[in-house]
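*Asks:* I would like the atomic coordinates for the input below:
(one chain, ligands or ions: 1)
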Amino acid sequence: MSRLHLLGFIALAGLLVAVPLTAENEYELRLFMLFLIYGLIAVGLNVLVGLTGLVSLGQAGLFALGSYTGAILAVRLGADLITASIGAAVVAGVAGVALAYPTVRVRGVYLAVVTIAFGIIVENVAIEWSSLTGGTTGLSGVPMPNVLGYELSGYGFYGVLAVTLLLATLAAHNLKVSAYGRAMLAVSQSEIAARSLGINATGMRILAFVAAAVTAGVAGVFYSFLNQYISPDIFTFSDSVRFLLMVILGGAATTFGPVLGAFTLTYLPEYLQEFQLWQKFAYGALLLIVMFVLPRGVLGTAGFVLKRLRPPARGLSEAEIASAQADLAPAARGATAELVTDGLTVRFGGLTALSAANVRVKGGEVHALIGPNGAGKSTFVNAISGVYRPTSGSFGIDGEDLTGKRQHEIAKLGLARTFQNTELFGDLTVIENVMVGGQIGLSYGLADALLRTPRQRREERALRAAAVGLLAFVGLTEHANEAARYLPFGLQRRLEIARALAARPRLLLLDEPAAGLTTQEIDDLAAMIRKIAASGVSVLLIEHHVDLIMAVADTVTVLDYGQVIASDRPGVVQNDPRVIEAYFGTPVAHGEFAEAAS
Ligand SMILES: Nc1ncnc2c1ncn2[C@@H]1O[C@H](COP(=O)(O)OP(=O)(O)OP(=O)(O)O)[C@@H](O)[C@H]1O
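*Replies:* Predicted structure coming up:
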């Protein structure tokens, strides 16, 4: 944990201890307890909004679901605070999974509408199912907070709320700096790239929704025990908006932003009471001004300014570079990684982009796939990496059939790729991009991430060391701490290669890696590809640059109108009349092919 974050946690803990000692009356303490409850909702919602970039305007619905579940369990079944919280966490968690499902199809404003609809449904069920919920009259008689038959004092309950908020903030912070947090950020920035590195994007979104739902559900139980009475009008759409505002105002994706946002929006209405009729207007105007001046939220902007004033070193320390070594060899040693496609066909409506392609990439070779524009090269790459589902035919690595598998499953079986139009995680740093690539080899789980166990730290250290080694291999150590989006184009291409290599694949697909590079950069790329192949990785190279192909390829396969028209050693293919005709329309003299195709 950075020194700044440690200070933040100490300050938060200090505040939580000091408040009950200094509170002058019960009302003050109760208001602070409300802040703790809202803070819990905001901290959970920040996982969703800050890390996966998704917006939920249904948090009041989840809060209500938790409140009602807790209250019903307590009133009707005599459950204590712990049992009620577990029950509410389960019910809200299941609702979180259900809410995450639409993200398979919808995002952005459509997803926001789905979450709004969810909130409205919960509110209406609470009103209409009066035999269970008490309808519009609400549910009263929630007992005093009690644990295992012992009633908690006001301060005891305060302690439970304070410790829960502190632990939730710590767990959310740990999640953010773990492989899970990086994976969520990666998914939000380039889903296709994240999937190509073995990340289950849907799984990450479900996890984020569940985190936001469970915290809102437990906060709901706390609320019903604090209030001892709940009714549907406590959980309205404007509450959902307020919860979202807490995250955005404090600073999405920051550790303490949601807590600060919850604090501000709990106390602000109190201070604005003196404006009487103008209270709501003043509230809105103030929010508008803050968001206009600080679009990243208060702590987001503070962090940004701090980085400007004291920029972190762009590169890595000598010691860190010296301690790391690139390991390019495939994770599964001894594997030959032979890719074989059998009659692979991809149709888009009436267009056959790839027609019964039989390609064999032998273990450890550099195999170039070339062809005129629109020949079907990218379609081939997308088919074997799981982006497109083949219409017919099959493909596999080392005899294992991969047809029909999803992108992240194929990645886990040893295939990594780069993209024709680079697909980096722009807001992550260069080294974080490579670390996301290496996450496929991690074995620590969610509990390790939340608790930052020694196992998590050990694996993260090894992951970083491997990433440093790969950055040295592609010559990017000087840029390690820069955001990937600010790298010059040529370096972005190299970063994509390092990121793909971090997954320690058996087969590496390079989709036009030389596009847009200078002659010197292409020479460096050729040397890099040779080294990669020498370490035992099979390379499938999609390229137009004939010089590069001649320099590195062991075999060249030529596609034309989706069909394989030649596959042989480069020198043979270069003189194949069908290939020359495919590029020029008519047979031409020897030598002109290389000149024109490059
Ligand atoms: N998602 C898609 N939907 C419909 N048609 C597509 C799709 N992707 C590719 N195509 C079509 O399939 C054919 C093959 O395209 P593809 O991009 O695979 O060629 P390519 O060899 O990679 O070309 P380039 O060198 O220009 O990248 C083209 O006619 C293209 O228009």
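
*Asks:* Phi and psi next, for the residue of the stretch 201-350 of the chain found nearest the ligand.
*Replies:* Proximity to the ligand, evaluated over the stretch 201-350 of the chain using CB to the nearest ligand atom, is greatest for residue 348 at 3.4 Å. In this view, the C-beta of every residue, glycine as well, is placed from N, C-alpha and C. Note on residue 348: its backbone torsions stand at phi -110, psi 100 [degrees, to the nearest 10].

*Asks:* From residue 418, how far off is it?
*Replies:* For residue 348, the distance to residue 418 equals 23 Å [CB to CB, to the nearest Å].

*Asks:* again, but for residue 162
*Replies:* 49 Å.

*Asks:* what does residue 509 give?
*Replies:* Going from residue 509 to residue 418 by CB to CB gives 7 Å.

*Asks:* Equivalent analysis for residue 78, please.
*Replies:* Going from residue 78 to residue 418 by CB to CB gives 60 Å.

*Asks:* Between the two, tell me which one has more neighbours.
*Replies:* Shown here are residue 78 and residue 418; by other CB atoms under 10 Å, residue 418 has more neighbours (26 against 12).

*Asks:* doesn't residue 494 make contact with that one?
*Replies:* No: look at residue 418 against residue 494 with CB atoms under 8 Å: they stay out of range, at 9.8 Å.

*Asks:* and the residue lying closest to residue 189 once chain neighbours are set aside, what is it in contact with?
*Replies:* Distances taken as CB to CB, 6 or more residues apart in numbering place residue 425 nearest to residue 189, at 4.4 Å, with adjacent residues excluded. Neighbour list for residue 425: 185-186, 189-190, 193-194, 432-433, 436, 484 [criterion: CB atoms under 8 Å, 6 or more residues apart in numbering].

*Asks:* buried sites along the one helix or strand residue 126 maps to?
*Replies:* Taking DSSP states H and E as the definition, one finds residue 126 inside helix 108-128. By neighbour count on 16 or more other CB atoms under 10 Å, the buried set for helix 108-128 is 111-112, 114-116, 118-119, 122-123, 125-127.

*Asks:* Stretch 301-313 too?
*Replies:* Buried residues in stretch 301-313 (16+ other CB under 10 Å): 301-303.

*Asks:* Show me how far it is from its chain's centre.
*Replies:* The chain centre lies 24 Å from the centre of stretch 301-313; the measure is CA atoms, centre = their mean, to the nearest Å.

*Asks:* so the residue minimising distance to the centre of the chain is in which element?
*Replies:* Centrality entry for the chain: nearest residue to the mean C-alpha point is residue 184, 1.7 Å, by CA atoms, centre = their mean. With secondary structure defined by DSSP H and E, residue 184 is part of helix 179-189.

*Asks:* Give the rounded mean pLDDT of that helix.
*Replies:* Taken as a whole, helix 179-189 has a mean pLDDT of 96.

*Asks:* do the same with stretch 476-487
*Replies:* Averaging pLDDT residue by residue across stretch 476-487 gives 92.

*Asks:* what does the model give the residue in the stretch 51-200 of the chain that the ligand sits nearest to for pLDDT?
*Replies:* The ligand sits closest to residue 192 of the stretch 51-200 of the chain, with a gap of 12.5 Å, by CB to the nearest ligand atom. Reported pLDDT at residue 192 in the predicted model: 93.

*Asks:* can you check residue 440 too?
*Replies:* Looking at residue 440, its pLDDT stands at 91.

*Asks:* sec struct for the closest residue to it other than its chain neighbours, please.
*Replies:* What sits nearest to residue 440 in space, not counting adjacent residues and going by CB to CB, 6+ apart, is residue 198, at 3.9 Å. Secondary structure assignment for residue 198 (DSSP: H, G, I helix; E, B strand; the rest coil): coil.

*Asks:* Okay, domains of this structure per the record?
*Replies:* Domain assignment for the chain, taken from automatic domain parsing, gives 3-235, 336-414+505-598, 425-504.

*Asks:* If you tally nearby residues, what's the number for residue 458?
*Replies:* Neighbours of residue 458 using other CB under 10 Å come to 12.

*Asks:* What is the helix or strand containing it packed up against?
*Replies:* Per DSSP H and E, residue 458 falls inside helix 454-474. Applying 3 or more CB pairs under 8 Å, 6 or more residues apart in numbering; DSSP states H and E, one finds that helix 454-474 contacts helix 318-323, helix 430-438, helix 446-451, helix 489-502, helix 519-534.

*Asks:* my guess is residue 417 meets residue 508, correct?
*Replies:* Yes: between residue 417 and residue 508 there is a contact under CB under 8 Å: 7.2 Å.

*Asks:* Looking at these two now, which is surrounded by more residues?
*Replies:* Neighbour count, other CB under 10 Å: between residue 417 and residue 508, residue 417 has more, with 29 against 26.

*Asks:* Next, count neighbours for the closest residue to residue 561 other than its chain neighbours.
*Replies:* Closest residue to residue 561 apart from its sequence neighbours, by CB to CB, 6+ apart: residue 375 at 6.7 Å. Counted with other CB under 10 Å, the neighbours of residue 375 add up to 21.

*Asks:* Where does residue 375 sit: helix, strand or coil?
*Replies:* Here residue 375 is recorded as coil under three-state DSSP.

*Asks:* what does the protein put close to the ligand?
*Replies:* 348, 351, 353, 371, 373-379 (CB under 6 Å from any ligand atom).

*Asks:* one step back: gap between the residue nearest to residue 440 and residue 570?
*Replies:* 32 Å.

*Asks:* Give me the more crowded residue out of those two.
*Replies:* Higher neighbour count among residue 198 and residue 570: residue 198, with 24 against 18, using other CB under 10 Å.

*Asks:* what's the angle between the top helix by length along the chain and helix 179-189?
*Replies:* Counting residues, the longest helix found in the chain (DSSP state H) is helix 201-227. Inter-element angle recorded for helix 201-227 and helix 179-189: 110 degrees (by axes from the mean of the first three to the mean of the last three CA atoms, to 10 degrees).

*Asks:* Just give me how far helix 201-227 sits from the chain centre.
*Replies:* The chain centre lies 19 Å from the centre of helix 201-227; the measure is CA atoms, centre = their mean.

*Asks:* Same check on stretch 275-292?
*Replies:* Counting by CA atoms, centre = their mean, stretch 275-292 is centred 34 Å from the centre of its parent chain.

*Asks:* And stretch 54-70, by the same measure?
*Replies:* That offset, for stretch 54-70, works out to 23 Å (CA atoms, centre = their mean).

*Asks:* do the same with stretch 405-419
*Replies:* Using CA atoms, centre = their mean, the mean C-alpha position of stretch 405-419 is found 17 Å from that of the whole chain.
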